[in-house]
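In: all I have is the shape, not the residue letters:
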């Protein structure tokens, strides 16, 4: 099993988090929504797996490369 | 004339207003959030006052802070630009009660233009063509029951539009009763959550439509003229990307007819200052319908300036100061063709994801027929709090072909590093045959699969 570390692709503000630790997620399932430059950018899971860490909360600002969520791949 | 103007905006439009103030001998006061201390407009304003917290609600939308700055700076007028508080009637009312001149329409005109179902009904009652649809707002269960009958009567597809929304937010096309039910539920909940207004309306959906708008200018004496038409059909998710003027479908007769209608609309609103009247143009039926009024200067207004030589921002300031237009409809002559490409910090290869970052290199194009209204410079970091517009690149030519060729040349000259931009998208769009022949509709970007084409060209190594 490998870990998939989801990082912020761009700076912005987290508007919502769609998953909690322990949730199972599917590939392309929404993990959180990152708002940047007035656009809502859904951050999708690249793999099927289980959420093992959620490092962010709504209203939090993030920089490029900040870890958002960690998923353990199925 | 005013001695001092507070520019209550940011980015390229703030700089634009500051430039006009300088040329007119008016002092300019800028206001800036913590994220904009290094912005280009800050370097050119005569004075600047901090707004603090970069969140729009705490800064550029915060009326208390703005009026505080107006008091401190002793500005006699406020230039709103577009976005932020530019179309907020409460802000205008507050300006009116404080005796500070809002460089735009009176609050009464704004109230007459919004919510959208109200202005639609007003236009309809005066014989202005609106597309077939509901009368008044749809709000409760019984209205919604009637909506199904209306939709059956005019025929699907129909489009559901929240009355309080702008920028295409909450709009949905319905092809059947089931879809209409969903679209109405969506418009209602989104309208009340986002705009505090659950009301919506429905219209016949025009499948092959162009978005054509008219610039209108009106002074305080009631002198009102239309200046030029503009076409803004190259859109992605209701965001305009390329605009041109005139519209390729425009004829002198149609321009006169639509322009006169736009003037009639301005008069119905008792309008003063710059107004844009938006129409939907049905390509199949060759008919136009009133869509909505934008009670402010539009992003794409420089297209009209290039065709007429009229400086619309200066005109706005002159009108607000009580001066008369000084020209009549016959004095307005259009010359040549203009195109605008919005240069946005976004990645066209990554689903147009915004790309706020530091601009490492910024070498803009120049030469005959090129105009650039930029809000950025090399070394500047674009903040993520605000929209991705870095600059507006415009071209002018004697003919449409010439304007397109100049634009392509300018886009290719433009050297930017550090941020991703949509320049590759513009180049592909301008080369597209449907764009070239001028027949394009608001579905152009999707129908021509431009985003996919871009990705394939990148894969094939045809673009870097």
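Out: Yep, it's here. Bear in mind that the values here come from a model prediction, so they are computed numbers and not experimental data.
In: interface residues of chain B facing chain A?
Out: Taking Cβ under 8 Å from any Cβ of the partner chain as the contact definition, chain B meets chain A at B:345-346, B:352-357, B:382, B:384-388. C-beta coordinates here come from the backbone N, C-alpha and C atoms, glycine included.
In: among the residues you listed, which lie within strands?
Out: Members of those lying in strands (criterion: DSSP state E): B:346, B:353, B:354.
In: per-residue pLDDT, residue 33?
Out: Just going to use chain A. On the pLDDT scale, residue A:33 is placed at 96.
In: chain B is the one I meant
Out: Note on residue B:33: pLDDT of 98.
In: that older thread, let me know the closest of the ones in strands among the residues of chain B next to chain A to chain A.
Out: Among those, residue B:354 lies closest to chain A (Cβ to the nearest Cβ), at 3.7 Å.
In: surely the closest one and residue A:40 touch.
Out: No. Between residue B:354 and residue A:40 there is no contact under Cβ atoms under 8 Å: 10.2 Å.
In: including neighbour count, could the residues of chain B next to chain A go into TSV?
Out: Output for the residues of chain B next to chain A, formatted as TSV (neighbours: other Cβ atoms under 10 Å in any protein chain shown):
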residue	neighbour count
B:345	26
B:346	26
B:352	21
B:353	18
B:354	27
B:355	25
B:356	21
B:357	16
B:382	26
B:384	27
B:385	25
B:386	23
B:387	18
B:388	25
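In: which residues of chain A lie near chain B?
Out: So chain A meets chain B at A:9, A:10, A:11, A:12, A:13, A:36, A:37, A:38, A:39, A:41, A:64 (Cβ under 8 Å from any Cβ).
In: and the last one, what does it touch?
Out: Listed by Cβ atoms under 8 Å, 6 or more residues apart in numbering or on different chains, the contact partners of residue A:64 are A:7, A:8, A:9, A:10, A:11, B:357.
In: could I have the buried ones of these as PyMOL selection syntax?
Out: In PyMOL, a selection of the buried entries from the contacts of residue A:64 looks like this (16 or more other Cβ atoms under 10 Å in any protein chain shown):
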select buried, (chain A and resi 8+9+10+11) or (chain B and resi 357)
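In: run a quick neighbour tally on residue B:224.
Out: Neighbour count for residue B:224, taken as other Cβ atoms under 10 Å in any protein chain shown: 20.
In: how about the one 10 residues further on?
Out: Counted with other Cβ under 10 Å, the neighbours of residue B:234 add up to 27.
In: could you measure from it over to chain A?
Out: For residue B:234, the distance to chain A equals 18 Å [Cβ to the nearest Cβ, to the nearest Å].
In: how close does the residue nearest to residue B:116 when sequence neighbours are not counted get to residue B:134?
Out: Nearest non-adjacent residue to residue B:116, counting by Cβ to Cβ, 6 or more residues apart in numbering or on different chains: residue B:163, 5.0 Å away. With the distance defined as Cβ to Cβ, to the nearest Å, residue B:163 ends up 11 Å from residue B:134.
In: who's in contact with the residue minimising distance to the centre of chain B?
Out: Taking Cα atoms, centre = their mean, the centroid of chain B lies closest to residue B:298, which sits 3.9 Å from it. Residue B:298 sits next to B:82, B:213, B:215, B:230, B:276 when contact means Cβ under 8 Å, 6+ apart.
In: let me have the ones in strands among the residues of chain B next to chain A in JSON lines, extended by pLDDT and distance to residue B:440.
Out: As requested, those are exported to JSON lines (pLDDT from 0 to 100; distance: Cβ to Cβ, whole Å):
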{"residue": "B:346", "pLDDT": "95", "distance to residue B:440": "21"}
{"residue": "B:353", "pLDDT": "93", "distance to residue B:440": "25"}
{"residue": "B:354", "pLDDT": "94", "distance to residue B:440": "25"}
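In: am I right that residue B:23 is in a helix?
Out: Yes. Secondary structure of residue B:23 (DSSP: H, G, I helix; E, B strand; the rest coil): part of a helix.
In: tell me which two of the contacts of residue A:64 sit farthest apart.
Out: Taking Cβ to Cβ as the measure, the contacts of residue A:64 reach their widest spread between A:7 and B:357, a distance of 15.1 Å.
In: which helix or strand in chain A has the lowest average pLDDT?
Out: Of all the helices and strands that make up chain A, strand A:39-44 has the lowest average by mean pLDDT, DSSP states H and E, namely a mean of 93.
In: what is the burial count for residue B:436?
Out: If you count neighbours by other Cβ under 10 Å, residue B:436 ends up with 14.
In: that one: which element?
Out: Per DSSP states H and E, residue B:436 falls inside helix B:433-437.
In: counting contacts, what elements does the helix or strand just after that helix pack onto?
Out: With elements assigned by DSSP H and E, the helix or strand that comes after helix B:433-437 is helix B:444-447. Judged by 3 or more Cβ pairs under 8 Å, 6 or more residues apart in numbering or on different chains; DSSP states H and E, the packing partners of helix B:444-447 are strand B:224-236, helix B:433-437.
In: could you pull out the buried residues of whichever helix or strand comes after helix B:444-447?
Out: Using DSSP H and E, the helix or strand that follows helix B:444-447 towards the C-terminus is helix B:450-459. For helix B:450-459, the neighbour count (16+ other Cβ under 10 Å) marks B:450, B:451, B:454, B:455 as buried.
In: doesn't residue B:240 belong to a strand?
Out: Yes. Counting by three-state DSSP, residue B:240 falls inside a strand.
In: what's the burial count for the residue lying closest to it once chain neighbours are set aside?
Out: Nearest non-adjacent residue to residue B:240, counting by Cβ to Cβ, 6+ apart: residue B:232, 4.7 Å away. By other Cβ under 10 Å, the residues close to residue B:232 number 24.
In: thought residue B:232 was touching residue B:300?
Out: Yes. Using Cβ under 8 Å, residue B:232 is in contact with residue B:300, at 6.4 Å.
In: shared neighbours, these two?
Out: The overlap between the contact sets of residue B:232 and residue B:300 (Cβ under 8 Å, 6+ apart) consists of B:240, B:243.
In: contact partners for residue 73?
Out: Went with chain A since none was named. A:1, A:2, A:3, A:4, A:47, A:48, A:49.
In: think we crossed wires, I meant chain B
Out: Shown in contact with residue B:73 (Cβ under 8 Å, 6+ apart): B:4, B:6, B:29, B:47, B:49.
In: how close does it get to residue B:126?
Out: Distance, residue B:73 to residue B:126, using Cβ to Cβ: 42 Å.
In: out of the helices and strands packed on helix B:444-447, deepest packed?
Out: strand B:224-236 (a mean of 24; mean count of other Cβ atoms under 10 Å in any protein chain shown).
In: from the contact counts, what lies against that one?
Out: Packing partners of strand B:224-236 (3+ Cβ pairs under 8 Å, 6+ apart): strand B:209-218, strand B:239-245, helix B:252-268, helix B:302-308, helix B:444-447.
In: quickly list the domain ranges of chain B.
Out: B:4-103, B:132-204, B:209-459 (automatic domain parsing).
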